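[1] pasting the sequence and the predicted model now:
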Amino acid sequence: MRMTDLRAGWAVLGNDGRRVGAVQSVGQNYILTSRHGLSADLYLPASSIANVENETIHLNITQRDAEQMGWEQVPRDDELEADPESDLHRHV
């Protein structure tokens, strides 16, 4: 399944069967998952997805582990900088 096939509102479960939250939006390499209560949303990396079936995303880690990974922060953009000239001015 491709990331573009995932939809907002789908459930996200840890591999222990416990609910992590629901998909809020889908990025290129992550799914933004909203959680109930006062907990911050999680940016779950695509690499944490084990399986998708019946509009449910199953993770390859437990719900508890997902909540302790520090995924509350927006992922940084890992794309290479397009301008090779910028390296000329970098101090090493």
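    Nice, I can see it.
[2] only C-alpha atoms for contact and neighbour calcs from this point on.
    OK.
[3] the protein: helices as residue ranges?
    Counting by DSSP state H, the chain forms helices over residues 63-67, given from the N-terminal end onward.
[4] do a quick rundown of the strands in it.
    11-13, 19-26, 30-34, 42-45, 49-53, 56-59 (DSSP state E).
[5] could I get those strands as JSON lines with distance to residue 73, mean neighbour count and mean pLDDT?
    Below are these laid out as JSON lines (distance: least, Cα to Cα, whole Å; neighbours: other Cα atoms under 10 Å; pLDDT from 0 to 100):
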{"stretch": "strand 11-13", "distance to residue 73": "18", "mean neighbour count": "23", "mean pLDDT": "97"}
{"stretch": "strand 19-26", "distance to residue 73": "15", "mean neighbour count": "20", "mean pLDDT": "96"}
{"stretch": "strand 30-34", "distance to residue 73": "10", "mean neighbour count": "22", "mean pLDDT": "95"}
{"stretch": "strand 42-45", "distance to residue 73": "7", "mean neighbour count": "23", "mean pLDDT": "96"}
{"stretch": "strand 49-53", "distance to residue 73": "18", "mean neighbour count": "14", "mean pLDDT": "96"}
{"stretch": "strand 56-59", "distance to residue 73": "19", "mean neighbour count": "22", "mean pLDDT": "98"}
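[6] now those strands as JSON lines including distance to residue 5?
    Putting these into JSON lines (distance: least, Cα to Cα, whole Å) gives the following:
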{"stretch": "strand 11-13", "distance to residue 5": "14"}
{"stretch": "strand 19-26", "distance to residue 5": "9"}
{"stretch": "strand 30-34", "distance to residue 5": "12"}
{"stretch": "strand 42-45", "distance to residue 5": "15"}
{"stretch": "strand 49-53", "distance to residue 5": "10"}
{"stretch": "strand 56-59", "distance to residue 5": "11"}
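[7] what is the burial count for residue 47?
    By other Cα atoms under 10 Å, 10 other residues sit near residue 47.
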